[in-house]
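Q: I need the structure of the sequence given here:
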Amino acid sequence: MENRWQALKPDETLSTPLYLQLSRKLADAINAGWWQADEALPSERTFSEELGISRVTARKAMDVLLEQGMIRRRQGSGTFITPRLEQPLSRLTGFTEQLRLRGFVPSSVWLERGVFPPSNEEVIKLGLSPTSMVARLKRQRLADGVVMAIEMSTMPVAYLPDPQSVGTSLYAHLDAAGHSVVRALQHIRAVNASGEIAQLAGIRPGEAMLLITRIGFNADNVAIELTDTYCRNDYYDFVAELKR
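A: Numbers count the residues shown, from 1 in each chain. You can find the predicted model right below:
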């Protein structure tokens with residue numbers, strides 16, 4: 001740990017304020033995996049003693065990371081690393097696979113699983129008959145026990161006759177049943193959380209979220225999945241690689 005403290009120590013000879021130097025070094029350390037998601041950071045007092053800086057400097061550095069969504073404070077418990085999921089936009093993957101690739105432990109809290117008549121939106125986007133039935137799945141998606149998103153999926157019952165049988169991963173279930181989603185159209189937009197979504201996500205009503213609407217197609221180019229995912233914007237990064 002001695003080498004790490006040395007790497008975090010601000011340089012007093014530079015014109016950049018010490019708290020900004022420290023916040024940048026801490027951000028680099030967090031991104032490098034020095035601390036795991038939801039792990040406690042050392043206290044401001046520890047930073048002060050180990051780095052030879054004032055507690056005010058340590059606190060201001062923490063405030064910068066707090067504003068950037070990299071850490072969060074828990075009353076009476078300390079400061080903890082915020083889980084973040086970096087999701088590439090060029091590859092079709094499910095939530096569970098993405099989390100496992102990033103070293104998180106995925107889990108879900110089921111809110112609703114059943115068979116229902118389709119809504120007008122579901123009829124249009126999935127190309128259904130108004131008299132058909134759909135399977136709906138609604139759940140909280142968690143990473144290392146932290147709610148990252150609220151997800152609502154709809155599928156024709158022909159492809160998901162028993163929604164209760166879905167485990168952690170919908171895509172793994174569909175693969176096993178021979179109904180793989182091979183491509184998808186995905187739209188991302190900013191929305192304000194409704195009272196219900198805010199309560200489920202653990203945020204304030206009206207707070208900004210990212211809404212991802214995905215229509216998934218099988219190998220026969222039939223739309224078999226409609227999923228709306230409300231993502232906490234402090235936990236998600238979307239990355240697009242551009243080439244020319």
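
Q: helices along the protein, start to end?
A: Along the chain, the stretches classed as helices by DSSP state H are 2-8, 18-31, 44-51, 55-67, 95-101, 120-126, 170-176, 195-201.

Q: from the contact counts, what lies against the third one?
A: The elements that helix 44-51 packs onto, with contact taken as 3 or more Cβ pairs under 8 Å, 6 or more residues apart in numbering; DSSP states H and E, are helix 2-8, helix 55-67. Backbone N, C-alpha and C define where each C-beta goes, glycine included.

Q: and for the longest one?
A: Under the contact criterion of 3+ Cβ pairs under 8 Å, 6+ apart, helix 18-31 touches helix 2-8, helix 55-67.

Q: remind me which residues of the chain are low pLDDT?
A: Flagging of the chain using pLDDT under 70 yields the residue ranges 1-2, 83-103, 235-244.

Q: again, 80 this time
A: The model of the chain has pLDDT under 80 over residues 1-3, 30-33, 35-38, 68-70, 75-76, 82-106, 144, 233-244.

Q: got the domain ranges for it?
A: Taking the TED database as the reference, the chain has its domains at 1-81, 85-239.

Q: JSON lines for these, including mean neighbour count?
A: Output for the domains of the chain, formatted as JSON lines (neighbours: other Cβ atoms under 10 Å):
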{"stretch": "domain 1-81", "mean neighbour count": "15"}
{"stretch": "domain 85-239", "mean neighbour count": "16"}
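
Q: that older thread, can I get the helices and strands packed on helix 44-51 in TSV including distance to Glu196?
A: Listed next are those as TSV, based on distance: least, Cβ to Cβ, whole Å:
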stretch	distance to Glu196
helix 2-8	42
helix 55-67	27
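
Q: of those, which is nearest Arg73?
A: Arg73 lies closest to helix 55-67 among these, at 6.7 Å (Cβ to Cβ).
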